[in-house]
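[1] pasting the sequence and the predicted coordinates here, then a few questions.
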Amino acid sequence: MREIFLCKYGELILKGANRSSFESILVKDLRYRLFRTGCYRVYRNQSIIYVVPEDGCEPDDDARRAAWEIIGRTFGIVAASRCVETEKSLPAICSAGVSYLADRLSRVRTFKVETKRADKRFPVHSSDVSAELGAALLGAFPNLRVDVHDPDVVVKCEIREGGAYISAGQERTAGGMPVGSNGRGLLLLSGGIDSPVAGWLMAKRGLRLSAVYFEAFPYTSLQAREKVISLARELSLWTGSIDLHIVSLTGIEEAISRACDEAYFTLLLRRSMMRIADRLAGAEGCGALITGESLGQVASQTMEALAVTGAVPQRPVFRPCIGLDKEEIIAYARRIGTFETSILPYEDCCTVFTPRHPRTRPKAEGVKAEELKAALGPLEDEALQTAQTVRVRFADTGV
């Protein structure tokens, strides 16, 4: 008896003639993620992805737990179950169910059985399989009774081409689209709560991520940089490996502070960040920029301010948090595991020279006039030339 994982996907089924290419991307991604466990092979059949131990390999508890966590964080998979695989006969199904589910069913009071007969050549109808397996479980576990409306455990039996698969139900997983199936995007990753959530939401829609972090040393600390690298690592558990580009804005911030009206400082800095990010995106093969902006959350995120900063890049700017309030964004951050790192008290570059009275309804003409005073072009070139890259690899996370 061996435990395997069955992974199911949702909207990929609707992709028509392109479905196979999406499935191939998902299988390749899952193989890459599971490689470090050292014990699993991945294949697909009948709209199911099978994760099974390699021949001759018996995964220990740590390997099984790691594989299960990886499956739960793989975009493109909507549900997964831990199963026992057995031959397609009623005696084998009943015996395997009693043995495999013993620990789980000994600790609950109610259950029901659901059977799916994907292999219609199997001669026993689904209802009859459920009845036989249910009777075997009732006989083996006196603590149990059947509750078809609100059971503690739903025992599932799937009859497929390769065998019968029995589980204690399935769990919802990451969902979305396979990473890389919709191109690549460059995330403007700050040390805050919002930008990691924005990156996660776009990776869920199939974007592979690169990222850029803007610092202003010595006004920002090395701890702030390490905080952002940690956020990239936490994101990589979901998105796969990330190339994080670290760009210094010190000279640009000082030039704006010296030459320009203080009220425009944040807007001018954001426009400079957008120009640099756009050029980095071109070098990285990214088709879009991603930010964590939320409409009206701060002065630089009014409709007028977003129009002024969004007019700079040649690529589209994706703002998946734009309609979310702070509590909704925090809920996402807690779910994906970035919240505790995001709230560490280290400054980011946008807070260094924060204006006392920022422009919330800027006019494009006024912003451009202020921008000319600072002569930012050569400074932006220098910032790009001195950028550093940290390669945050999924396999380095230890999960």
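    All right, it came through fine. Numbering: from 1, shown residues only.
[2] which stretches of the stretch 251-399 of the chain form strands?
    Along the stretch 251-399 of the chain, counting by DSSP state E, counting those that start in this stretch, strands occupy 288-290, 317-318, 388-392.
[3] to Pro358, which of those lies closest?
    The closest approach between Pro358 and any of the strands of the stretch 251-399 of the chain, judged by CB to CB, belongs to strand 317-318 at 20.1 Å. In this view, the C-beta of every residue, glycine as well, is placed from N, C-alpha and C.
[4] quick one, strands of the stretch 101-250 of the chain?
    So, for the stretch 101-250 of the chain - with DSSP E, counting those that start in this stretch - the strands run 110-117, 145-146, 153-160, 163-167, 171-172, 184-188, 208-215, 242-248.
[5] which residues touch the spatially most distant residue from the centre of the chain?
    Here the chain has its C-alpha centre computed as a mean, and the residue farthest from that point, by CA atoms, centre = their mean, is Gly139 with 43.2 Å. Listed by CB atoms under 8 Å, 6 or more residues apart in numbering, Gly139 has no contact partners.
[6] try it again with 10 Å
    Gly139 makes contact with 94, 98, according to CB atoms under 10 Å, 6 or more residues apart in numbering.
[7] mind checking how far the residue nearest in space to the middle of the chain is from Met303?
    Relative to the mean C-alpha position of the chain, the nearest C-alpha, by CA atoms, centre = their mean, is the one of Trp238, at 3.6 Å. Here Trp238 is placed at a distance of 31 Å from Met303 (CB to CB, to the nearest Å).
[8] equivalent analysis for Glu380, please.
    In this structure, Glu380 and Met303 are separated by 26 Å, where distance is defined by CB to CB.
[9] and what of Tyr332?
    For Tyr332, the distance to Met303 (CB to CB) stands at 23 Å.
[10] ok, now Val153?
    51 Å.
[11] what do you get for His149?
    Counting by CB to CB, the gap from His149 to Met303 is 49 Å.
[12] neighbour count: those two, which is higher?
    Met303 (11 against 6; other CB atoms under 10 Å).
[13] let me see the contact set for the closest residue to that one other than its chain neighbours.
    With sequence-adjacent residues excluded and distances taken as CB to CB, 6 or more residues apart in numbering, Met303 is closest to Leu295, at 6.9 Å. Leu295 is in contact with 301-303, 306, 319, 321-325, counting by CB under 10 Å, 6+ apart.
[14] give me the phi and psi for Leu295.
    phi -60, psi 120 (degrees, to the nearest 10).
[15] contact partners for the closest residue to Pro196 other than its chain neighbours?
    Nearest residue to Pro196 in three dimensions, chain neighbours excluded: Thr338, at 4.2 Å (CB to CB, 6+ apart). For Thr338, the residues meeting the contact criterion (CB under 10 Å, 6+ apart) are 192-193, 195-197, 199-200, 230-235, 237-238, 332.
[16] buried deepest among the strands of the stretch 251-399 of the chain, which one?
    Most buried of those, by mean neighbour count (mean count of other CB atoms under 10 Å): strand 288-290, with a mean of 24.
[17] so where's the stretch 251-399 of the chain shaky on pLDDT?
    Judged by pLDDT under 70, the stretch 251-399 of the chain has its weakly predicted residues at 347-353, 395-399.
[18] right, I'll leave it there.
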